[in-house]
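S.K.: mind looking at a prediction? Sequence and model below.
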Number of protein chains: 2
Amino acid sequence: MSIRYAILGFLSANPLSGYDLKKLFEESSVFHWSGNNNQVYRTLVELHNEGLVTQEVQQQADYPARKIYTITEKGLAELRQWVLSEPELPQIKSSFLVQLAWADQLEADALDDLLRKYDAEIHDQLIVVQEHKRRSKTSPQRTPREAYLWEAIMDNKILYYETELNWVRTVRETLNEMGKDK
Amino acid sequence: MSIRYAILGFLSANPLSGYDLKKLFEESSVFHWSGNNNQVYRTLVELHNEGLVTQEVQQQADYPARKIYTITEKGLAELRQWVLSEPELPQIKSSFLVQLAWADQLEADALDDLLRKYDAEIHDQLIVVQEHKRRSKTSPQRTPREAYLWEAIMDNKILYYETELNWVRTVRETLNEMGKDK
DNA sequence: CAAATCATGTAATGTGTTACATGATTCG
DNA sequence: CGAATCATGTAACACATTACATGATTTG
């Protein structure tokens, strides 16, 4: 999947500029792109060439001009079609699990330190998404059902981090138990 | 993180050929690379140039020659250092959540269908990793602690899919409840 | 006899990040 | 007065996938 459908999605709620989209991606944890300019601006040019969006230049006094992109009928159709396409499995890249796989060479306390740091990182991130859900600004919320869907998406993230946190704590405890036996 | 540490990790247990590594990546769900030739063979050449592995060509009657790679002291040192490096947050790319975000345009039954398909996919994958854990072939298992670490890694995956499955079922039920009200 | 396996490798393309570049304005 | 914000865009590079290519052997 590429960023194009996420962009079409945002535009289906509101016309936006590249800069707006960039910020939406930066702020969001669900839309996993970093919000780098290169990708956003290039994709908008592509979508424009394909006639999925229209462009309107908005002049502003004392500020750079904004290019406002609006989704077309064709763009809406493409989005609708993609939303109906076969769901894919989430792709998880956990460099931490790879580290753990070869962590047997470490001393007990170095390993515990690693787990402690991972615990802290996950915990921080959990706070971030919980806070995010409370504010829930990214959501268009046009209908009650849409509001629920966005809430469910946030809950998915929260559940993930909660599960991860429980897991790492169990692992730490078990390893410490094992350490005592030696 | 790049594939190089995963390769060094596998080589720290056993000398292997590029083809062996490719298959390990293909079979594994934890090591998230697809096992494409390009990356594996190129990375091995790089590691060889940097002196982190040595290469030995093994001639075989009736089969193509294999290039067996063995990790060097320098390679082991680099691996050890990486294992101690700051753990990173897992990167999750869920195109399904992006689909859901814009799924309010769908009819109730089309949306339910989407959720049902996701449920099925996750369920299948859960079976795969559970089976994987039972066989647990990828693991070198040199010490009891290492055996536990590999088990914990498998459990992490299993917990993830279980949580995901519970989540999608709750979402489906809630949406069906909401549908009745109409 | 077709397909899969063994084993290597390259080409083309997709996807994503960081850093660079510009230039005015506003905020601390 | 330095840093951040607004707003656009490009260059270079990192990481990853699919497909192509070869050629013998084994399995269904």
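M.R.: Noted; the coordinates are in hand. Numbering: from 1, shown residues only, chains lettered A, B, ... in the order given.
S.K.: so where do the helices sit in chain A?
M.R.: Taking DSSP state H as the criterion, chain A contains helices spanning A:3-13, A:18-27, A:37-49, A:73-83, A:95-101, A:108-135, A:144-181.
S.K.: how about the second one, does it reach DNA strand D?
M.R.: It stands for helix A:18-27. Yes: under the criterion of CB under 7 Å from any atom of the strand, DNA strand D is reached by helix A:18-27 at A:18-20, A:22-23. In this view, the C-beta of every residue, glycine as well, is placed from N, C-alpha and C.
S.K.: can you turn the buried part of the residues you listed into a ChimeraX selection?
M.R.: Here is the ChimeraX command that selects the buried residues among those (16 or more other CB atoms under 10 Å in any protein chain shown):
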select /A:18,20,22
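S.K.: which single one of the residues of helix A:18-27 next to DNA strand D is nearest to residue A:144?
M.R.: Nearest to residue A:144 out of those is residue A:20 (CB to CB; 25.7 Å).
S.K.: name the nearest residue to whichever residue of chain A sits closest to DNA strand D, ignoring sequence neighbours.
M.R.: Closest contact between chain A and DNA strand D, by CB to the nearest atom of the strand, is at residue A:19 (2.9 Å). With CB to CB, 6 or more residues apart in numbering or on different chains as the criterion, residue A:19 has its nearest non-adjacent residue at 7.0 Å, and that residue is residue A:66.
S.K.: return the residues in contact with that neighbour.
M.R.: A:17, A:19, A:57-58, A:60 (CB atoms under 8 Å, 6 or more residues apart in numbering or on different chains).
S.K.: cutoff 7 Å now
M.R.: Residue A:66 makes contact with A:17, A:19, A:58, A:60, according to CB atoms under 7 Å, 6 or more residues apart in numbering or on different chains.
S.K.: would TSV of the helices of chain A with mean pLDDT be doable?
M.R.: Listed next are the helices of chain A as TSV, based on pLDDT from 0 to 100:
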stretch	mean pLDDT
helix A:3-13	96
helix A:18-27	94
helix A:37-49	94
helix A:73-83	96
helix A:95-101	96
helix A:108-135	94
helix A:144-181	94
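S.K.: out of those, nearest to residue B:99?
M.R.: Closest to residue B:99 of those is helix A:73-83 (CB to CB; 5.2 Å).
S.K.: and the residue of chain A found nearest DNA strand C, backbone torsions?
M.R.: Chain A approaches DNA strand C most closely through residue A:36 (2.8 Å), counting by CB to the nearest atom of the strand. Backbone geometry at residue A:36, expressed as degrees, to the nearest 10, gives phi -80, psi 140.
S.K.: now it: closest residue in space, sequence neighbours ignored.
M.R.: residue A:22 (7.7 Å).
S.K.: number of residues surrounding residue A:128?
M.R.: Residues lying near residue A:128 (other CB atoms under 10 Å in any protein chain shown) number 13.
S.K.: the spatially closest residue to residue A:60 that is not a sequence neighbour and residue A:165: what is the separation?
M.R.: Nearest residue to residue A:60 in three dimensions, chain neighbours excluded: residue A:66, at 6.6 Å (CB to CB, 6+ apart). Here the criterion is CB to CB, to the nearest Å. By it, residue A:66 lies 41 Å from residue A:165.
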